[in-house]
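Colleague: build me a model:
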Amino acid sequence: MAGHDHKPLVLVLVLMVIFDPSFSSAELQRFHHSTKNDESLSLLVIGDWGRNGNFNQSQVAAQMGRMGEELDIDFVISTGDNFYDNGLEGVDDKQFEDSFTNIYTAKSLQKQWYSVLGNHDYRGDAVAQLSPVLRKIDSRWLCMRSFIVDAQIVDFFFVDTTPFVFKYWDDPEDHHYDWRDVAPRHQYVADLVKDLDAALRESTAPWKVVVGHHPMRSISEHGDTPELLEQLLPILKANGVDLYLNGHDHCLEHISSTDSPIQYFTSGAGSKAWRGVYKQNADDLRFFYDGQGFMSLQVTKTDAKIMFYDVDGRRLYEWSMTKQLHPSM
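Modeller: Predicted coordinates:
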């Protein structure tokens, strides 16, 4: 996981992070993922998927397997709402296998999955998804609240966005949320924002990508997330973040910021989709699709390419970007 000296010490620290769900959730722990020999990286992004194969989850999974092989992916990102409707009941909940292990069976998908928690995950035993027990059941699974994946040419910053949203703390529908290791909200969010800002400033990777469950910008059912626009977006703008990836809205969309270089991508169409929902948005809408599907990201030091696919594996939309590297890179 890491190319450091003093390997025994690093191993102990990594094991502490992975296997101790009570480890301070506001500290951004770092994991390392190598690029290919040509210094490129390929991955898939899927969100809002865990429905025991229903609502076309199995069909989307099959097409992910096909594209995963074609792109020779290095890993998969899950943008949250991993298990519906109310997360997992515990580490022995069979839904983990029924919605994950037994669904994403293609050979190309037997890679590391980096996952964040969504609001539906918080409605169950959120700590269970962080547990080492699940990794023993399926070694692909790595879910933490907030963390960094250092993939050499890209730093991925995974952010626990659910605690930012006020309405979950006083849910009018009386849903239970598992706030263990999170409450009180104001301290948790403040620590997370501070640590994320510091980590972004320290990053020297050519690309900076932030991953969260909730959208910054969206034209679908949930729309923009005001708490993220107020507390998180200024940090992303100040630190040169290139992409923000999210789920939550059950669709595929690309929105460009009108006052910064940030590109917003929603990939929350892993199973149940919301048809016909469309709201106006202040930023620049590039693409919107209200059906099921997923996203791919291919990156080199100078180029990034994103593709959206539908439930049948058809390519719906492609976007690419080239950047000039600083001489020190």
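Colleague: could you measure from the nearest residue to residue 274 once chain neighbours are set aside over to residue 294?
Modeller: Nearest residue to residue 274 in three dimensions, chain neighbours excluded: residue 250, at 4.7 Å (Cβ to Cβ, 6 or more residues apart in numbering). To be clear about C-beta, it is placed using only N, CA and C from the backbone, and glycine gets the same treatment. Distance, residue 250 to residue 294, using Cβ to Cβ, to the nearest Å: 12 Å.
Colleague: the residue nearest to residue 274 touches residue 272, doesn't it?
Modeller: Yes - taking Cβ atoms under 8 Å as the definition, residue 250 is a contact partner of residue 272 at 5.8 Å.
Colleague: mind telling me what element the nearest residue to residue 321 once chain neighbours are set aside is part of?
Modeller: Once flanking residues are discounted, residue 321 sits nearest to residue 304: 5.0 Å by Cβ to Cβ, 6+ apart. Using DSSP states H and E, residue 304 sits in strand 303-310.
Colleague: that strand: which residues count as buried?
Modeller: Buried positions in strand 303-310, judged by neighbour count with 16 or more other Cβ atoms under 10 Å: 304, 306-310.
Colleague: turn the residues you listed into TSV, including pLDDT and distance to residue 163.
Modeller: Listed next are the buried residues of strand 303-310 as TSV, based on pLDDT from 0 to 100; distance: Cβ to Cβ, whole Å:
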residue	pLDDT	distance to residue 163
304	98	29
306	98	28
307	98	32
308	98	29
309	98	31
310	98	33
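Colleague: dump those to TSV, plus distance to residue 268.
Modeller: Output for those, formatted as TSV (distance: Cβ to Cβ, whole Å):
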residue	distance to residue 268
304	20
306	15
307	16
308	12
309	14
310	14
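Colleague: related to what we said a few turns ago, which of residue 250 and residue 272 has more neighbours?
Modeller: For residue 250 versus residue 272, the count of surrounding residues by other Cβ atoms under 10 Å is larger for residue 250: 26 against 17.
Colleague: so how far is residue 81 from the more buried one?
Modeller: Separation of residue 250 from residue 81 (Cβ to Cβ) stands at 9 Å.
Colleague: need the residues touching each of the two.
Modeller: By the contact definition Cβ atoms under 8 Å, 6 or more residues apart in numbering, residue 250 and residue 81 are jointly contacted by 48, 268.
Colleague: any residues in contact with both of residue 250 and residue 294?
Modeller: Common contact partners of residue 250 and residue 294 (Cβ under 8 Å, 6+ apart): residue 269.
Colleague: any stretches of this structure with poor pLDDT?
Modeller: 1-27, 172, 282, 326-329 (pLDDT under 70).
Colleague: show me what contacts the residue positioned nearest the centre of it?
Modeller: Centroid-nearest residue in the chain, with Cα atoms, centre = their mean: residue 79, separated by 3.2 Å. Residues near residue 79 by Cβ under 8 Å, 6+ apart: 45-48, 116, 118, 211-213, 245-248, 267-268.
Colleague: ok so, going back, for the residue nearest to residue 274, list the residues it contacts.
Modeller: 48, 220-221, 268-269, 271-274.
Colleague: so the residue lying closest to residue 152 once chain neighbours are set aside versus residue 286, what's the distance?
Modeller: Using Cβ to Cβ, 6+ apart and skipping residues adjacent in sequence, the residue nearest residue 152 is residue 35, 4.9 Å away. Separation of residue 35 from residue 286 (Cβ to Cβ): 27 Å.
Colleague: which one of these two has more residues nearby?
Modeller: Neighbour count, other Cβ under 10 Å: between residue 35 and residue 286, residue 35 has more, with 17 against 14.
Colleague: in which helix or strand does the more buried one reside?
Modeller: If you go by DSSP H and E, residue 35 is not part of any helix or strand.
Colleague: gap between it and residue 76?
Modeller: Counting by Cβ to Cβ, the gap from residue 35 to residue 76 is 16 Å.
Colleague: relative to residue 106, how far out is the closest residue to residue 82 other than its chain neighbours?
Modeller: Among residues not flanking residue 82 along the chain, residue 50 sits closest, at 4.9 Å (Cβ to Cβ, 6+ apart). The gap separating residue 50 from residue 106 is 17 Å, by Cβ to Cβ.
Colleague: which residue ranges of the stretch 51-200 of the chain form strands?
Modeller: Here the stretch 51-200 of the chain has its strands, by DSSP state E, counting those that start in this stretch, at 75-78, 112-115, 141-143, 147-150, 154-159.
Colleague: so what's the residue count around residue 102?
Modeller: When neighbours are defined as other Cβ under 10 Å, residue 102 has 15 of them.
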